[in-house]
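K.L.:
Make a model of this:
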Amino acid sequence: MRKICVIGLIILLVGVNVSGNFTKENKNVSTIGFDGNNLYVGGGGPNNYTKIQDAIDNSSDGDTVFVYSGIYYEYNIEIGKSINLIGENRNTTIIDGQHNDGHIINISVDNVTVNGFKIKNCGTVHYEFSKYGGININSDGHVIINNIFENEYDGSGENWEAIMLINVNNSIISDNIFYCINDGAICPAHDPVSQTRMAYTHDNNIISNNTVYRGGIYLTGDNNIIDGNIIYGNGGVVIYGNINTTANSWDFVYNNTISYNSVIPHPDTMYIGGILLYHTSDNNIFGNYLYDGVDQHNGNTNGIYLQDVLNTEIYQNTIIGYFYGILIMDSYNITVENNDINGCTYGILFEYNDNEPVIFKINSVNNPGHNVIRNNFKKVFFPARQLFTKREYYNKIFWDENYWCRSRLFPMIIFGMIGLFDNWGVPVNIELDLHPAKQPYDIPKVAI
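P.N.:
Prediction:
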């Protein structure tokens, strides 16, 4: 159902009339109607171009550049027109940048479609922050669909981003495969001024049904949907606020949805990232499957991690084998409901630090509490705890009807502590789950 919705959105966004044999492996130009002319690269036609850039240079807004199967050794391909760049087959239509300095494709105008390519070997390696991406986008209204991004990985730990974003809005990135990225499969570009990825903002985008082998999905901005992706490896899904370089502070981002994604181990990774949110508000995190099978209880992994987050709902997620199933820091008004947390060291930990958290300053009069309701905590060493470094940071939590590792006849006691070291401290208050569940809940898991 989600794929049908995404295809429908693609049609609305680029005005594509789909008919005939529309397959995932080969979206042929003969089965897709676009406004404008068709230009051809490769193949046997007498007037076909031999280089992708030459065809683009001779195209106009609304045209389609169709590229036949073959290997095209090109980089710094500049798309400065609103065109549709279509490959014959994503397994056999290959653009190889040969690790030359430059993006393989750079998109600087609105409303471009890139569909059906294998894009590989971008840029030089060994940058702390990658300068170059497979596709670099600095405009709005795009469809990047049904491509393969691949970097030849030699074990050296190089960083390489597949799709780099600079203030990109109203775009769809869907049904792509990312191999050996080792950093961001989809992420903001590195801003040379602020020396961070958090200087750009990206609103109203859909990132769906992609498969990532090593790497992750990183985003800043409002009203984004990250749905149905499978991530094998160390990246996970990360959404963070924007760095305000003028005020030297953070700007919050709002209304992001992270749903039905799977984050599971890759044999070569040592760390499995889950879902991480920083300086955000009004988010929905639901239906995700998060599994750390590399090194359980190693002290570094979080299934879901929130820091300085407001008004967010976390529900119907499956979280297995992390050190922290859910870690919530300096955040307020979080609802955690109907999640399955299994085999973690800490089931859920609320922590408030002594650096006067950002949200505490914003909501110092009436800090809304949290709700932890009808969750499963199974095979968890420490099911729940609240830790704070100042008594005034104590935040009321409503606990109700959770399953706490076993059937209980009496209320479950949850301690609030002033921390002394690590996650231990002096108990200063007690909260109760007055109605603990006697049996675990049947919480549906996302199908991989």
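K.L.:
For residue 148, give me its contacts.
P.N.:
Residues near residue 148 by Cβ atoms under 8 Å, 6 or more residues apart in numbering: 90, 91, 117, 118, 119, 120, 176, 177, 178, 179. C-beta coordinates here come from the backbone N, C-alpha and C atoms, glycine included.
K.L.:
same deal with residue 260?
P.N.:
Residues in contact with residue 260 (Cβ under 8 Å, 6+ apart) are 2, 227, 228, 286, 287, 288, 446.
K.L.:
And for residue 179?
P.N.:
Here residue 179 is in contact with 148, 149, 150, 151, 213, 214 (Cβ under 8 Å, 6+ apart).
K.L.:
Give the PyMOL command for selecting the buried subset of the contacts of residue 148.
P.N.:
In PyMOL, a selection of the buried entries from the contacts of residue 148 looks like this (16 or more other Cβ atoms under 10 Å):
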select buried, resi 90+117+118+119+120+176+177+178+179
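K.L.:
Report the lowest-confidence entry in the contacts of residue 148.
P.N.:
Lowest-confidence member of these: residue 179, scoring 86 (pLDDT).
K.L.:
returning to what we had before: closest to residue 63 out of the contacts of residue 148?
P.N.:
residue 117 (17.2 Å; Cβ to Cβ).
K.L.:
How about the closest one: what's its closest non-neighbour residue?
P.N.:
Counting by Cβ to Cβ, 6 or more residues apart in numbering, residue 117 lies nearest to residue 87, which is 4.1 Å off, once chain neighbours are set aside.
K.L.:
didn't that neighbour look like it was pressed against residue 93?
P.N.:
Yes - counting by Cβ atoms under 8 Å, residue 87 touches residue 93, with 3.4 Å between them.
K.L.:
what's the overlap in contacts for those two?
P.N.:
Taking Cβ under 8 Å, 6+ apart as the contact rule, residue 87 and residue 93 both touch 67, 69, 116, 117, 118.
K.L.:
burial of residue 165, as a residue count?
P.N.:
29 (other Cβ atoms under 10 Å).
K.L.:
Tell me the predicted confidence for it.
P.N.:
93.
K.L.:
mind listing the helices for this structure?
P.N.:
2-14, 52-57, 358-362 (DSSP state H).
K.L.:
I'd like the contacts of residue 179 laid out as CSV, including distance to residue 406.
P.N.:
As requested, these are exported to CSV (distance: Cβ to Cβ, whole Å):
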residue, distance to residue 406
148, 47
149, 46
150, 48
151, 47
213, 38
214, 38
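K.L.:
Return the subset of these lying in strands.
P.N.:
Counting by DSSP state E, the contacts of residue 179 place 148, 149, 150, 213 in strands.
K.L.:
For the last one, name its beta-bridge partners.
P.N.:
When bridges are taken as DSSP bridges, the partners of residue 213 come out as residue 179, residue 232.
K.L.:
now the second one
P.N.:
In this structure, residue 149 bridges to residue 119, residue 178 when assessed by DSSP bridges.
K.L.:
which ones are touching it?
P.N.:
118, 119, 120, 134, 162, 163, 176, 177, 178, 179, 181, 185.
K.L.:
residues touching the fourth one, list them.
P.N.:
Taking Cβ under 8 Å, 6+ apart, we find residue 134 in contact with 97, 103, 104, 105, 119, 120, 122, 149, 160, 161, 162, 163.
K.L.:
now swap in the first one and tell me
P.N.:
Residues counted as contacts of residue 118 (Cβ under 8 Å, 6+ apart) are 87, 90, 91, 92, 93, 94, 95, 147, 148, 149, 150.
K.L.:
Flag the shaky bits of the stretch 301-448 of the chain, pLDDT-wise.
P.N.:
353-368, 388-394, 419-427, 447-448 (pLDDT under 70).
K.L.:
That one: strands as residue ranges?
P.N.:
Assigned by DSSP state E, counting those that start in this stretch, the stretch 301-448 of the chain shows strands spanning 302-315, 318-320, 324-329, 332-337, 340-342, 346-352, 370-373, 376-378, 382-388, 397-400, 403-404, 412-421, 424-433.
K.L.:
Could you dump the ones you listed into TSV with distance to residue 111 and mean neighbour count added?
P.N.:
TSV is the format used below for those (distance: least, Cβ to Cβ, whole Å; neighbours: other Cβ atoms under 10 Å):
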stretch	distance to residue 111	mean neighbour count
strand 302-315	33	23
strand 318-320	38	24
strand 324-329	40	26
strand 332-337	38	21
strand 340-342	42	24
strand 346-352	44	25
strand 370-373	43	21
strand 376-378	46	23
strand 382-388	49	22
strand 397-400	47	18
strand 403-404	50	23
strand 412-421	52	16
strand 424-433	52	14
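K.L.:
Those into CSV, with extra columns for distance to residue 255?
P.N.:
Compiled in CSV, the strands of the stretch 301-448 of the chain are given as follows (distance: least, Cβ to Cβ, whole Å):
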stretch, distance to residue 255
strand 302-315, 10
strand 318-320, 23
strand 324-329, 19
strand 332-337, 15
strand 340-342, 26
strand 346-352, 23
strand 370-373, 20
strand 376-378, 28
strand 382-388, 27
strand 397-400, 24
strand 403-404, 31
strand 412-421, 30
strand 424-433, 30
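K.L.:
pLDDT weak spots in the stretch 1-150 of the chain?
P.N.:
Applying pLDDT under 70 to the stretch 1-150 of the chain picks out residues 1-34, 123-130.
K.L.:
can you check the stretch 151-300 of the chain too?
P.N.:
152-159, 180-183, 191-199, 234, 243-250, 266-272, 293-300.
K.L.:
rerun that using 90 as the cut-off
P.N.:
Applying pLDDT under 90 to the stretch 151-300 of the chain flags the ranges 151-162, 179-185, 187-201, 213-216, 232-236, 240-252, 264-273, 292-300.
K.L.:
and residue 47, how many neighbours does it have?
P.N.:
By the measure other Cβ under 10 Å, the count of residues near residue 47 is 6.
K.L.:
give the contact list for it.
P.N.:
Counting by Cβ under 8 Å, 6+ apart, residue 47 makes contact with residue 40.
K.L.:
how far away is it from residue 122?
P.N.:
From residue 47 across to residue 122, the span is 30 Å (Cβ to Cβ, to the nearest Å).
K.L.:
re the thing from before, now the contacts of residue 134 in a markdown table, please, with extra columns for distance to residue 324.
P.N.:
Converted to a markdown table, the contacts of residue 134 look like this (distance: Cβ to Cβ, whole Å):
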| residue | distance to residue 324 |
| --- | --- |
| 97 | 39 |
| 103 | 37 |
| 104 | 38 |
| 105 | 39 |
| 119 | 36 |
| 120 | 36 |
| 122 | 34 |
| 149 | 31 |
| 160 | 29 |
| 161 | 27 |
| 162 | 29 |
| 163 | 29 |
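K.L.:
and which of the residues you listed is nearest residue 395?
P.N.:
Nearest to residue 395 among these is residue 161, at 37.2 Å by Cβ to Cβ.
K.L.:
give me the beta-bridge partners of the closest one?
P.N.:
Using DSSP bridges, the bridge partners assigned to residue 161 are residue 133.
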